[in-house]
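Chemist: Predicted model follows, preceded by the sequence.
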Amino acid sequence: MPRLQNLLDGRRLVKSATPYHNERATLLALDANLGVTGLPQSATGQASLVTGRSVPAELGYHYGPKPNPDVAELIRSDNLFKQLRGRGRRAALLNAYPPRYFEAIQSGRRLYSAIPLAVTSAGIPLKTAGDLLAGEALSADFTNQGWRDHLGFSSAPLLAPEGAGERLADLAMDYDLAFYEVWLTDYAGHMQDMPRACEILKTIDRVLSGLLENWDDRQGLILITSDHGNLEDLSTRRHTNNPVPGLVIGDKGLRETFTSDLADIAGVTPAILRFFPSS
Ligand SMILES: [Zn+2]
């Protein structure tokens with residue numbers, strides 16, 4: 001990951017390198033366990049990211065991958081996207097979803113995962129195939145290859161990872177908060193597939209390259225983080241108790257405000273909302 005290493009002056013994305021600050025980036029190690037034993041899971045982890053509540057601690061357990069009724073209720077009652085809308089701000093989830101996803105949700109065959117649940121419960125529509133083809137959203141694999149090969153969208157333009165990063169930067173400028181969810185890393189972790197994991201990380205590094213080259217640090221912050229560990233340890237097919245990266249990129253003053261109280265994944269929503277006080 002040459003672009004990431006360059007951003008961190010040669011440091012790697014490991015706990016012993018944290019906390020680290022330079023002219024463009026801050027790297028923190030964020031706790032994803034939230035005081036609850038067992039392995040962090042996606043529903044409670046993502047719910048913590050977008051509610052600002054220590055959801056595993058409130059419920060007494062880690063749960064996932066999809067929200068159970070208790071987790072769903074916490075997400076629906078209030079979340080980052082609802083808060084931003086209530087404060088007159090624009091927020092979006094930049095992932096595009098194919099027609100079959102909406103059909104499965106409508107029919108009840110599929111449950112929302114935590115992030116789309118938070119977004120839709122705030123009244124914000126999910127991005128569609130039309131948005132993807134119009135260049136207003138991104139595919140989960142960044143390049144559209146999966147949409148072309150497996151979802152019947154052979155006319156979807158193939159993006160270079162750097163082009164996807166540029167698109168992330170461009171689209172983010174239309175919003176106060178733009179969220180993009182990456183799950184291929186989790187999938188490769190569960191598969192314990194080292195070649196696949198390396199491919200994904202190489203792709204992400206190229207996306208980061210396009211994103212950073214097109215990002216104006218004075219305009220806003222980029223946060224790269226996770227709901228739990230997994231990919232960093234392929235000796236297990238399960239999640240891990242490791243801290244997750246809190247990699248923040250942008251203007252130094254903005255970063256200092258953002259990270260002043262950031263120690264775990266439940267701190268992310270309050271850190272974001274600090275920039276958007278209620279009127
Ligand atoms: Zn997982």
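Modeler: Right, received. Where do you want to start?
Chemist: where do the helices sit along the stretch 1-150 of the chain?
Modeler: 2-7, 42-51, 55-59, 69-77, 80-86, 99-107, 114-121, 129-133, 145-150 (DSSP state H, counting those that start in this stretch).
Chemist: Same question for the next helix or strand after the last one: list its buried residues.
Modeler: In other words, helix 145-150. Once the chain leaves helix 145-150, the next helix or strand it forms, by DSSP states H and E, is helix 161-172. By neighbour count on 16 or more other C-beta atoms under 10 Å, the buried set for helix 161-172 is 161-169, 171-172. C-beta here means a position set from N, CA and C on the backbone, and glycine is covered the same way.
Chemist: For the residue nearest to residue 226 when sequence neighbours are not counted, name its beta-bridge partners.
Modeler: Closest residue to residue 226 apart from its sequence neighbours, by C-beta to C-beta, 6 or more residues apart in numbering: residue 244 at 4.0 Å. Counting by DSSP bridges, residue 244 is bridged to residue 30.
Chemist: model confidence over stretch 120-128, on average?
Modeler: Stretch 120-128 shows a mean pLDDT of 98.
Chemist: mind saving the C-alpha coords of that stretch as PDB?
Modeler: Taking Å, rounded to 0.1, in the frame of the first residue of the first chain, the C-alpha atoms of stretch 120-128 are listed here in PDB:
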ATOM      1  CA  THR A 120     -33.400   5.000   5.100                       C
ATOM      2  CA  SER A 121     -34.800   5.600   8.500                       C
ATOM      3  CA  ALA A 122     -33.600   9.200   8.200                       C
ATOM      4  CA  GLY A 123     -35.700   9.500   4.900                       C
ATOM      5  CA  ILE A 124     -32.600   9.500   2.700                       C
ATOM      6  CA  PRO A 125     -33.000   7.300  -0.400                       C
ATOM      7  CA  LEU A 126     -30.400   4.700  -1.200                       C
ATOM      8  CA  LYS A 127     -28.500   5.200  -4.500                       C
ATOM      9  CA  THR A 128     -29.600   3.000  -7.400                       C
END
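Chemist: So what's the gap between it and the chain middle?
Modeler: Relative to its parent chain, stretch 120-128 has a centroid offset of 16 Å by C-alpha atoms, centre = their mean, to the nearest Å.
Chemist: tell me which residues in that stretch are buried?
Modeler: Residues 120-122, 124, 126-128 are the ones in stretch 120-128 that count as buried (16+ other C-beta under 10 Å).
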